[in-house]
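Please work out how this folds:
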Amino acid sequence: MLKAMRRLVWLLLLTLSLALAQKSGGGAGGRPYNPTPPPMSPGPAPVFPSPAPSYPPYPGPVVVYPGGGGSLGIVPVLVVLGLVLVTAYMVRGLRQAGEGPTASVARLRLALLARPQVQKALRQLAEEADTTSAKGLADLLDEAALLLLREEPAWRFGDYQVVRGSEDEVLARFDAWMLEERSKYQETFRHFEGKKQAVEAYQAQVEPGGRYLVVSLLLADRRLLPSPSPLTRSWARQALMDLAGSSSFTLLAAYLSWTPEREGEALTEEELLLLYPELEKL
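Have a look, this model is predicted:
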């Protein structure tokens, strides 16, 4: 019992020390900006010409066709029936569409061997990204996925999660995951929905045992993304392809996050496992 208590206290102290000594981190993304159209001012009231006087028609001969039914026949009845059937199918389709999920949110984390060139490339991507439009956010995911695919030999651990639901539900989960990612590090750079923030006074914490860099990609999308479990190296490649497959028509929100952000910094294996316990070895 005493040994278990000592181990628990040691773990708590280690976790506290890691929280106080968090490394730098950066992020870029957000939701696309959809401006609302300005209110339209009412124009002048339209002026219509006065109708011409009508005169009673000249009475002509009345022709009665044999068999009755009038001169229109069955065509109007068929048109009405067709409209009723089309409306019924549309209502049924809308009901079926509302029964299941309509969107999904995904989070891919990759822990790889840190290289200053990769940290510099991630910072450049975040700096230059258009974080206000759906196309700009989709391009950011494309370039980040390409960068990670080129670094595949350096992958060591990974984690991939997908949650499906309505658009409101997946956006709520997206916000929660983004907040969780930001809590893992000291935010030294952020480019969020067009606004940039940087902490230039931060001093890099270079440790002898540091060797890992963690990159996280978050995407809320109108597509239903597949959810592989457990994550393997091939599934990690497929997950990157799925995330990069988002377009300006399907993307709801996107975020790129990485730690450490400053060149020269890297996470130790102890920091990696305590900050990201969900990671699986690739």
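
Quick one: the strands in the stretch 51-200 of the chain, in order.
Secondary structure of the stretch 51-200 of the chain (DSSP state E, counting those that start in this stretch): strands at 103-113, 155-165, 186-192, 195-198.

winner for burial among these?
A comparison of the strands of the stretch 51-200 of the chain by mean neighbour count, using mean count of other C-beta atoms under 10 Å, puts strand 103-113 on top with a mean of 23. To be clear about C-beta, it is placed using only N, CA and C from the backbone, and glycine gets the same treatment.

Which neighbouring elements make contact with it?
When contacts are defined as 3 or more C-beta pairs under 8 Å, 6 or more residues apart in numbering; DSSP states H and E, strand 103-113 sits against strand 155-165, helix 167-182, strand 212-221, helix 233-244.

okay, the residue sitting nearest the centre point of the chain: pLDDT?
Central residue of the chain (C-alpha atoms, centre = their mean): residue 220, 2.3 Å from the mean position. Here the pLDDT value assigned to residue 220 is 98.

So residue 123 versus residue 164, what's the distance?
As judged by C-beta to C-beta, to the nearest Å, residue 123 and residue 164 stand 33 Å apart.

actually residue 272, sorry about that
29 Å.

same deal with residue 116?
For residue 116, the distance to residue 164 - C-beta to C-beta - is 38 Å.

Just give the number of residues close to residue 179.
The number of residues packed near residue 179 is 9, by other C-beta atoms under 10 Å.

Residue 138 now?
Residues lying near residue 138 (other C-beta under 10 Å) number 24.

Check the gap between it and residue 114 for me.
Using C-beta to C-beta, we find residue 138 at a distance of 27 Å from residue 114.

ok now do residue 131, which residues does it touch?
Contacts for residue 131 (C-beta atoms under 8 Å, 6 or more residues apart in numbering) come out as 28, 29, 30, 137, 140, 191, 192, 193, 194.

Weed out the non-buried ones from the residues you listed.
When these are checked for burial by 16 or more other C-beta atoms under 10 Å, the buried set is 28, 29, 30, 137, 140, 191, 192.

Among those, find me the one that's closest to residue 266.
Top of the list for closeness to residue 266, among the buried ones among the contacts of residue 131 and by C-beta to C-beta, is residue 28 at 20.6 Å.

out of everything not next to it in sequence, what's closest to the closest one?
Closest residue to residue 28 in three dimensions, ignoring its sequence neighbours and counting by C-beta to C-beta, 6 or more residues apart in numbering: residue 126, at 3.6 Å.

for the one you found, what are its contacts?
If you count contacts by C-beta under 8 Å, 6+ apart, residue 126 has them with 26, 27, 28, 140, 189, 191, 256.

same thing but 7 Å
Residues near residue 126 by C-beta atoms under 7 Å, 6 or more residues apart in numbering: 26, 28, 189, 191, 256.

so the last one is in which element?
For residue 256, the element it lies in under DSSP states H and E is strand 251-259.

tell me which residues of that strand are tucked away?
Applying a neighbour-count criterion of 16+ other C-beta under 10 Å, one finds 251, 252, 253, 254, 255, 256, 257, 258, 259 buried in strand 251-259.

Point out the other elements, helices or strands, that it touches.
Packing partners of strand 251-259 (3 or more C-beta pairs under 7 Å, 6 or more residues apart in numbering; DSSP states H and E): strand 24-30, helix 134-150, helix 167-182, strand 212-221.

Neighbouring strands - and their directions - for it?
strand 24-30 (antiparallel), strand 212-221 (antiparallel) (DSSP bridges).

Would you mind giving those as CSV with distance to residue 176 added?
CSV is the format used below for the strands paired with strand 251-259 (distance: least, C-beta to C-beta, whole Å):
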stretch, distance to residue 176
strand 24-30, 15
strand 212-221, 10
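
Could you list the low-confidence segments of the chain?
1-21, 35-73, 75-82, 84-99 (pLDDT under 70).

ok, now with 80
The model of the chain has pLDDT under 80 over residues 1-21, 34-99, 228-229.

Contacts made by stretch 225-235 with the rest, please.
Contacts of stretch 225-235 (C-beta under 7 Å, 6+ apart): 104, 106, 155, 158, 159, 160, 162, 239, 242, 280, 282.

what about residue 266, distance to residue 278?
Relative to residue 278, and taking C-beta to C-beta, residue 266 is found at 20 Å.

Tell me which of those two has more neighbours.
Just comparing residue 266 and residue 278: by other C-beta under 10 Å the higher neighbour count belongs to residue 266, 24 against 12.
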